[in-house]
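Visitor: here you go, sequence then predicted model.
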Amino acid sequence: MPIEWNEDLKVGVEEIDEQHRELFRRVNDLAEAMWDGKGKEESGKVMDFLGDYVVTHFATEERHMSSQGYPDYAAHKRLHDRFVEDFYTLRSQFDSGEVTSSMVIRILDETCEWLKSHIKGTDKKLGSFLNR
Ligand SMILES: [Fe+2]
């Protein structure tokens, strides 16, 4: 699985970088749970574990943004909110059986691509603002 944090993704704020590393670990854990064909209940728990962390992490970035008067706060937050909304939709579709494990794995690939491009663009911009 090519789901890994690497130096290219560094935004230069230690708290945020550490959370990004953890985020990728949890995405990996979920992909593994899906691959291993873990039961629905257990896979659901791993999914919740990731979802909780996403919320925590976005809140951290938003705290940095609002405390420093970041000018692109609203646009950046909108991207976060959209992601969380999509994730919750996926979560409930998995629960109801509309989405299977193999579909989740495919969606996780897209999720990773989203995360990487979000970090490289939007989060790095925030990082350089915070380090200005
Ligand atoms: Fe972000």
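Guide: Looks like it came in fine.
Visitor: contacts, neighbours, all on C-alpha from now
Guide: Fine.
Visitor: so what touches the helix or strand of the chain with the lowest mean pLDDT?
Guide: Of all helical and strand segments in the chain, the minimum by mean pLDDT, DSSP states H and E falls on helix 101-118, at a mean of 93. Applying C-alpha atoms under 8 Å, 6 or more residues apart in numbering, the contact partners of helix 101-118 are 3, 9, 27, 31, 34-35, 37, 94.
Visitor: what residue lies at the spatial centre of this protein?
Guide: V54 (4.9 Å; C-alpha atoms, centre = their mean).
Visitor: if you count contacts, what does the helix or strand where it lies end up packed against?
Guide: Per DSSP states H and E, V54 falls inside helix 40-67. Helix 40-67 sits against helix 14-35, helix 73-96, with contacts defined as 3 or more C-alpha pairs under 8 Å, 6 or more residues apart in numbering; DSSP states H and E.
Visitor: pLDDT on the shortest one, on average?
Guide: When you say that, I think you mean helix 14-35. Across helix 14-35, pLDDT averages out at 95.
Visitor: chain center to it: distance?
Guide: On the basis of C-alpha atoms, centre = their mean, to the nearest Å, helix 14-35 sits 8 Å off its chain's mean C-alpha point.
Visitor: so which bits of it are buried?
Guide: By 16 or more other C-alpha atoms under 10 Å, the buried positions in helix 14-35 come out as 16-17, 19-20, 22-34.
Visitor: got the angle for that helix vs helix 40-67?
Guide: If you take axes from the mean of the first three to the mean of the last three C-alpha atoms, to 10 degrees, helix 14-35 sits at 160 degrees to helix 40-67.
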